[in-house]
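K.L.:
What follows is a predicted protein model with its sequence.
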There are 4 protein chains.
Amino acid sequence: MKNNCLKYGMVGGGPGAFIGDVHRRAIRLDNTARLVAGSFSQDYDKTLSIGRDLGLDEDRLYDNFQEMAKQEASRDDGIDFVSITTPNNTHYPIAKSFLEQGINVLCDKPVTTTLAEAKELKELADRTDTLFGVSYTFSGYPMVKEARRLIKEGELGELRMIMGEYPDEWLAAPADNKQAAWRTNPDQAGISTCIADIGSHIENTVSYMTGCEISRLSANLDIFVEGRKLDDNGGVMIKYNNGVSGMYWASQIAIGNENGLKLRIFGSKGSLEWHHKNPNLLKFTKLNEAPRMLSRGHEYLGDEAQENSRIPAGHPEGFFEAFANIYSNFAAAVQAKKEKDSIDPSDFDYPKLEEGLRGVKFIEKCVESSKNDSKWIDFK
Amino acid sequence: MKNNCLKYGMVGGGPGAFIGDVHRRAIRLDNTARLVAGSFSQDYDKTLSIGRDLGLDEDRLYDNFQEMAKQEASRDDGIDFVSITTPNNTHYPIAKSFLEQGINVLCDKPVTTTLAEAKELKELADRTDTLFGVSYTFSGYPMVKEARRLIKEGELGELRMIMGEYPDEWLAAPADNKQAAWRTNPDQAGISTCIADIGSHIENTVSYMTGCEISRLSANLDIFVEGRKLDDNGGVMIKYNNGVSGMYWASQIAIGNENGLKLRIFGSKGSLEWHHKNPNLLKFTKLNEAPRMLSRGHEYLGDEAQENSRIPAGHPEGFFEAFANIYSNFAAAVQAKKEKDSIDPSDFDYPKLEEGLRGVKFIEKCVESSKNDSKWIDFK
Amino acid sequence: MKNNCLKYGMVGGGPGAFIGDVHRRAIRLDNTARLVAGSFSQDYDKTLSIGRDLGLDEDRLYDNFQEMAKQEASRDDGIDFVSITTPNNTHYPIAKSFLEQGINVLCDKPVTTTLAEAKELKELADRTDTLFGVSYTFSGYPMVKEARRLIKEGELGELRMIMGEYPDEWLAAPADNKQAAWRTNPDQAGISTCIADIGSHIENTVSYMTGCEISRLSANLDIFVEGRKLDDNGGVMIKYNNGVSGMYWASQIAIGNENGLKLRIFGSKGSLEWHHKNPNLLKFTKLNEAPRMLSRGHEYLGDEAQENSRIPAGHPEGFFEAFANIYSNFAAAVQAKKEKDSIDPSDFDYPKLEEGLRGVKFIEKCVESSKNDSKWIDFK
Amino acid sequence: MKNNCLKYGMVGGGPGAFIGDVHRRAIRLDNTARLVAGSFSQDYDKTLSIGRDLGLDEDRLYDNFQEMAKQEASRDDGIDFVSITTPNNTHYPIAKSFLEQGINVLCDKPVTTTLAEAKELKELADRTDTLFGVSYTFSGYPMVKEARRLIKEGELGELRMIMGEYPDEWLAAPADNKQAAWRTNPDQAGISTCIADIGSHIENTVSYMTGCEISRLSANLDIFVEGRKLDDNGGVMIKYNNGVSGMYWASQIAIGNENGLKLRIFGSKGSLEWHHKNPNLLKFTKLNEAPRMLSRGHEYLGDEAQENSRIPAGHPEGFFEAFANIYSNFAAAVQAKKEKDSIDPSDFDYPKLEEGLRGVKFIEKCVESSKNDSKWIDFK
């Protein structure tokens, strides 16, 4: 509930964009930072119009991101971080511009469209000692954090099997809205639509929850809607390095499903099930006991879930709150870095560039396997 | 997404308060108005501390609400409305102070602790031509609005039966946190805890959805936890003026339930079921057909649901968004009133003082019936 | 799995009848008894036709129940009990005929259409030392038995609130099938349709689960479908003799609901929720703990649930199995009575005539209250 | 409801056996056939004891299946079919004995432990013109039949993706009851536990619903519990011959799950979801419409679902009824064959030997793929 002493800018989030607005609302929800600069659109008039609506000073509405990076870096009251909410293919040059100016970055996923670019960003961020967060939303949900805690504390025993799915229906038929257009266009989306857009959320959230590392995978990506160039459905079989097995399914043609991320983790002593449809619940079953429905906001939960929660049990929190948690934790790191000589980013619970990089690798490996007759390939 | 040209102040919402913070977050979520003034606590030091955290100028942090009303009314840049988020018994004097200064009010429910006070406020608001909203949260949910639309359009035929319930568990055992303390204290809460706090939400949401007017009721209020002075559980049987029957149940001792408002409306041609647990869904069944699960964010919904929604289907919206909708619609009325000579408040979809007044009457009638051996009494 | 040494006869269950066939199947499922005699219809040709299909000897297919009672009583290999599955108004004379011959009876509910008749049957059964079971199906579900056990063992602490409902949709519009015809006809159904047919199930199952005795009630019965003479919807508010409060709702106009009996029992230390829709589950919540979903077939359940169960967890048991449990437990009593000089019926877990009698009283009291402006009346 | 003119015998189903008893109860539920002969156990004393309990004549209780087949074939009143409910490895010799005597067979799945044996049985059944059913239970559920009908009638458009899963928990820890013992013993169970026991149900039910034929698959089978010799978890990726993709997951270590068969079928125009947990429901979603929850017993369903249903909507039918449907449809074929010169088995809706054979092949292919580093192999 403290004052938003941090200042941020945004690249992307112009009219018709979905996710930029989500970022801004999520930040406001917690008063995490104050929006003071932006280059919201490639069309400067749109940037001006949105910027004014948002109450920004005109001199901090920029024609392009390069100028914005330069100018903000040179100001005494420059932004503490930039949010990048543009189509996938532009993440790399934009992030690069800001990192080069020493400005912290929070970027949408997938962080780049190629692994090479992601690695370059990583090197650059390390060199410039900047913080880099990636908005893998689902790790922001309190009950996902509770799942992570229970697994860490050994409540599931040795892990055995991981089931992850993200069925959605929004591309079941040919679509031509702005969102669908760039996500299905290889020039903007990169080598994948479905795995990149939502399969990546399975990969990240599983990794966050369990810590399991993929050692091999076999993927079958489909294009079901005629005329499409990139995958709209995909299945992946996985072996993790600790003997755990897994299956992921992501689909944008799954009629009757809506952003239905669901994770089920099985161990020798218990299991967990989390479903985005009821994100405030977590099903926890111990061997030979009846399943328990853990619910956000209760004192029986661990600190992580409690601290990333705002209102009493039963009052549903949702997508914005998860997003807001990502930002709050990222902003805490930015703030700490401003105040101290050095911080350990791993003390702060937000998705880091390493995860973004691994996510891009996951997409590449899935596409590679699928193109090679779905053969099993190593993930190293 | 427009700039928050409106300015508001808050009375209440100090440290340890739950709902004041909810109001502020909800307003920020939509950038609906800018908080510029406050009297957050009876302890001025706390007001100062919170006010600073929220970035307010010190000269607009007030020692008491009377002063705040007077000062803000006299400023050129005074607040456009005040949010009142204090315990029930103080709503009346606070609202009165602001109304007398011609300042619009958005007040928590129940709007007063006696019907006489509520009537006085109504008269005053009419006289001073001020807008008065009441934060009955649940009417802000998009799928509640969809239910209202379907009923209005006759999709249920003639209404027959209404089932409303609000089970919760938070007072199942003696509790002594700040929230529980004032809500169970007759001096602060008035004549009822359970019916006033949550039963009132059933009454309002049913009325909003269906337009049905209560003609008679019989109530049985219980005090189950020893030492408590006010009801912690209550059942009400209802006859509406159009031949519809109803049953309401509100409980704060319903272990295993969390703010579980659930409404079921039955007519001659169809039925609707809405549950706060899954607020983005609405079950709609037509006679002789299979139930359909309507979901927020889809094009098959009416304008009201669509316009009070922010993100695609499947990304859960929750409590804050419902609250934000109340504020957005109230603020739209405030803005229109600033711009035009006169407006018709009924063009704007927010809970009005008439509803607040009726809500207080509902509480009084329930208590009266229960005290008289649960006899049936008229609701006029 | 033992041989069905018991022999039974049936009155009712002719063509187009629903429940007679259910009785026969349920008995066969467990090999509980062998059907050897019947008077299935008032039309003897139909009795002959059905009897042949069922493999019965023709000399045990009777033109009327009086003859059947007399003949079967006089045979050495006469029936051990009779199942009465006819419309409500005929239960009394039929049961009387068999009791007078000393033949045990299992009769559908409501056991008679007037309390006076029910009392007469009770006196007669006592005098003739015959066993009399009533097919209140829902007490046969294993998880209902588990609920009863948990409450008996004090897991819920002191009981506080009971919510019972039985919404159904099958009479939402005018209907003229055979089932609907007699159930809505006062000459055959008695003084009530909805409360008698399904409200009575709430009353019985609540009583079975909790042991609570009603001390006062207020009922509002509605007739929503034009031209109907008896109630098709009804609400009841209840006070039990131990300070517990309750609300029952039964409806046959609740579009979108199908035989949806649901019971929720709240105590000072915990709560239980059972829903006919998922009869193999029982939600059990202890104060300050997460709800647990108990499931049929698990070793963590009590003996009653386990012994009234046939197959492993996850393989759904349903309505027939519940019915079969009623019969198995009744038959066990009949068998024991054949073998021993005397038995204590309370050692056997089936619904007895006392419960049938109380059920009829419940119907009468609801109708009486409703006819008197829903006033509260004593239940003694 | 007609007399059970058909007579059957059983091999297996002795004390401690689970499934033999299920077969007998399911047959009795519908009065489908009369049990007249049996060789229930390898221990003749047990056969005698059970046979007597079941009311069988002693001269039809056999010491071994060979003798039973011979004797029953030679009797004028010999059995019309035999039910084989023994461990997997004995299906082949037993079925062979009865087929050679021209006696119809209904056998548990998997029908044999090797494909070669299954082919031999097929050839033998063809040669002796006997009927051969396989008890793939899930195709007996009315709502599975409704799904099949909707798909056949094109309601889903062109099929795209099939998700099948069967999670269960019963082998999550080392187990040594009779059921677990033989199912995890390669000598009795064959080459697989999990895929053979429950994965086979996914394969069969998907095939029944959709008609899709597998063209390639890649399987990863796991042994998670130490000391086990056969798989207790397995994932399969599948390509069907019509361009459809699929993923199956079967697990016996999935703590918190109980026989949780779930099928989701996606097409270009709609989708279906069926879950064994709520077998009376079928979720049906058309493109751009809200999901509908179809429910057993309603007139909006097709004939197949209606005819394989006994009681009104809302009264749950379950596992026994599904089993009973398999038997009723099989018995109808047996009866027709008795009455007519020749019948077309495809007119009768029960799982046939072709399906049993394909099921064995599925098991073999999964094991083969898994043993070869999960490589993709053809299914021809």
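P.N.:
Yep, it's here.
K.L.:
residue contacts, A:Gly211?
P.N.:
A:Ile151, A:Lys152 (Cβ atoms under 8 Å, 6 or more residues apart in numbering or on different chains). C-beta: built from backbone N, CA, C; applies to glycine.
K.L.:
Near chain D, which residues of the stretch 51-200 of chain A are found?
P.N.:
A:Arg160, A:Met161, A:Met163, A:Glu165, A:Pro167, A:Ala172, A:Ala173 (Cβ under 8 Å from any Cβ of the partner chain).
K.L.:
The first one - that's part of a strand, no?
P.N.:
Meaning A:Arg160. Yes - checked against DSSP: H, G, I helix; E, B strand; the rest coil, A:Arg160 lies within a strand.
K.L.:
do you know how far it is from C:Ile191?
P.N.:
Look at A:Arg160 and C:Ile191: by Cβ to Cβ, to the nearest Å, they are 61 Å apart.
K.L.:
For the stretch 151-300 of chain A, just list every one of the helices.
P.N.:
Using DSSP state H, counting those that start in this stretch, the helices of the stretch 151-300 of chain A run over A:178-183, A:186-189, A:194, A:200-210.
K.L.:
In a markdown table: these, plus distance to C:Asp341.
P.N.:
Compiled in a markdown table, those are given as follows (distance: least, Cβ to Cβ, whole Å):
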| stretch | distance to C:Asp341 |
| --- | --- |
| helix A:178-183 | 82 |
| helix A:186-189 | 85 |
| helix A:194 | 76 |
| helix A:200-210 | 66 |
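K.L.:
So for stretch A:244-257, what gets flagged as buried?
P.N.:
By 16 or more other Cβ atoms under 10 Å in any protein chain shown, the buried positions in stretch A:244-257 come out as A:244-257.
K.L.:
biggest separation within those, which pair?
P.N.:
A:Val244 and A:Ile255 (31.2 Å; Cβ to Cβ).
K.L.:
Need the CA coordinates for the longest helix along chain A. CSV is fine.
P.N.:
Longest helix of chain A, by residue count under DSSP state H: helix A:319-339. The C-alpha coordinates for helix A:319-339 follow below in CSV (Å, rounded to 0.1, in the frame of the first residue of the first chain):
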residue,chain,number,x,y,z
PHE,A,319,-5.5,-12.8,-13.8
PHE,A,320,-4.7,-9.2,-12.9
GLU,A,321,-3.6,-10.2,-9.4
ALA,A,322,-1.3,-12.9,-10.8
PHE,A,323,0.2,-10.3,-13.1
ALA,A,324,0.4,-7.8,-10.3
ASN,A,325,2.4,-10.3,-8.2
ILE,A,326,4.9,-10.7,-11.0
TYR,A,327,5.4,-6.9,-11.1
SER,A,328,5.4,-6.4,-7.3
ASN,A,329,8.2,-9.0,-6.9
PHE,A,330,10.1,-7.6,-9.8
ALA,A,331,9.7,-4.0,-8.5
ALA,A,332,10.9,-5.1,-5.1
ALA,A,333,14.1,-6.3,-6.7
VAL,A,334,14.4,-3.0,-8.7
GLN,A,335,13.9,-1.0,-5.6
ALA,A,336,16.4,-3.1,-3.6
LYS,A,337,18.9,-2.6,-6.3
LYS,A,338,18.4,1.1,-6.2
GLU,A,339,19.0,1.1,-2.5
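K.L.:
one step back: among the buried residues of stretch A:244-257, find me the one that's closest to chain B.
P.N.:
A:Asn257 (7.4 Å; Cβ to the nearest Cβ).
K.L.:
burial count for the closest residue to the closest one other than its chain neighbours?
P.N.:
Leaving aside its sequence neighbours, A:Asn257 sits nearest to A:Pro167 (Cβ to Cβ, 6 or more residues apart in numbering or on different chains; 3.7 Å). As a burial measure, A:Pro167 scores 26 neighbours (other Cβ atoms under 10 Å in any protein chain shown).
K.L.:
for chain C, what are the nearby residues on chain A?
P.N.:
So chain A meets chain C at A:Phe284, A:Asn288, A:Glu289, A:Ala290, A:Pro291, A:Arg292, A:Met293, A:Leu294, A:Ser295, A:His298, A:Glu299, A:Tyr300 (Cβ under 8 Å from any Cβ).
K.L.:
restrict these to contacts with chain B.
P.N.:
Among those, the residues lying close to chain B (Cβ under 8 Å from any Cβ) are A:Ser295.
K.L.:
residue contacts, the closest residue to A:Lys352 other than its chain neighbours?
P.N.:
Leaving aside its chain neighbours, A:Lys352 sits nearest to A:Pro345 (6.1 Å; criterion: Cβ to Cβ, 6+ apart). A:Pro345 sits next to A:Leu131, A:Ala333, A:Lys352 when contact means Cβ under 8 Å, 6+ apart.
K.L.:
What's the separation between the first one and chain C?
P.N.:
When Cβ to the nearest Cβ, to the nearest Å is applied, the distance between A:Leu131 and chain C equals 36 Å.
K.L.:
Contact partners for that residue?
P.N.:
A:Phe81, A:Asn104, A:Val105, A:Ala125, A:Phe330, A:Ala333, A:Val334, A:Lys337, A:Pro345.
K.L.:
did I read that right, A:Asp21 in a helix?
P.N.:
Yes - applying three-state DSSP, one finds A:Asp21 inside a helix.
K.L.:
That one contacts A:Gly14, correct?
P.N.:
No - applying Cβ atoms under 8 Å, one finds A:Asp21 not in contact with A:Gly14, separated by 9.6 Å.
K.L.:
Helix, strand, or coil at the residue in the stretch 51-200 of chain A that chain C sits nearest to?
P.N.:
As assessed by Cβ to the nearest Cβ, chain C sits closest to A:Glu146 within the stretch 51-200 of chain A, at 10.8 Å. Taking three-state DSSP as the rule, one finds A:Glu146 in the helix state.
K.L.:
okay but it is in contact with A:Leu281, surely?
P.N.:
No - look at A:Glu146 against A:Leu281 with Cβ under 8 Å: they stay out of range, at 10.3 Å.
K.L.:
Could you give the number of residues near A:Tyr300?
P.N.:
13.
K.L.:
wait, what's in contact with it?
P.N.:
Per Cβ under 8 Å, 6+ apart, neighbours of A:Tyr300: A:Leu294, C:Asn288, C:Glu289, C:Ala290.
K.L.:
Which residues are in contact with the residue nearest to A:Asn257?
P.N.:
A:Pro167 sits in contact with A:Trp249, A:Ala250, A:Ser251, A:Ala254, A:Asn257, A:Gly260, D:Arg264, where contact means Cβ under 8 Å, 6+ apart.
K.L.:
Dump these to CSV, plus pLDDT.
P.N.:
Listed next are the contacts of A:Pro167 as CSV, based on pLDDT from 0 to 100:
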residue, pLDDT
A:Trp249, 98
A:Ala250, 98
A:Ser251, 98
A:Ala254, 98
A:Asn257, 98
A:Gly260, 98
D:Arg264, 98
